[in-house]
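Chemist: Next comes the sequence, and after it the predicted model I'd like to discuss.
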Amino acid sequence: LMSQEDVLTSIETMFLLWSDPEWIKAIGEDTTTERSKTKCVWPMRVFLPNFLKLVEGFFVLVASFVIIAGSDNIIDLIKDFTALLVIAQIDDIVFMMADQGYFGENLHIEADKAKDIE
């Protein structure tokens, strides 16, 4: 459970893009525009999404601990833990649906671009 993927990948992404001078190209921002030269691009395009992903991961870990510590029997523990894991995977499910084109062509193209970055 401590290898909660959202926590680890958000920390890794923030540290990698903080130290990389070419981070603006890694996120797909056009380097020729005036917007890319402002100081608010990194916080809005890198820090904020990864910080929110980190917070979500910590909430899942805390909720898991509360569920495990408060369970009276194994059946309730399995039921609650399964529900928690399903909720934690919603972002992956939504990304997969966007990649398959369920949310329109624009999101399908953007999901393909995001997969190429990985």
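Modeler: Yep, it's here. What you see is a predicted model; the values in this text were computed from it and never measured. Residues are numbered from 1 along each chain as shown.
Chemist: Show me which helix runs longest in the protein.
Modeler: helix 48-70 (DSSP state H).
Chemist: residues in contact with that helix?
Modeler: Helix 48-70 is contacted from outside by 1-2, 4-11, 13-14, 77, 80-81, 84, 87-88, 91, using C-beta atoms under 8 Å, 6 or more residues apart in numbering. The way it works is simple: take the backbone N, C-alpha and C, and place the C-beta from them, glycine included.
Chemist: Beyond it, next helix or strand please.
Modeler: helix 74-88 (DSSP states H and E).
Chemist: Tell me which residues of that following helix come out buried.
Modeler: D80, F81, L84, A88 (16 or more other C-beta atoms under 10 Å).
Chemist: Kindly report the same for stretch 107-118.
Modeler: Here stretch 107-118 shows L107, H108, A111 as buried, counting by 16+ other C-beta under 10 Å.
Chemist: which element is the last one on?
Modeler: Applying DSSP H and E as the criterion places A111 in helix 105-117.
Chemist: Now do that helix: which elements does it pack against?
Modeler: helix 90-99 (3 or more C-beta pairs under 8 Å, 6 or more residues apart in numbering; DSSP states H and E).
Chemist: got a list of contacts for the helix it packs on?
Modeler: D6, K53, E56, F103, L107, H108, E110, A111, D112, A114, K115.
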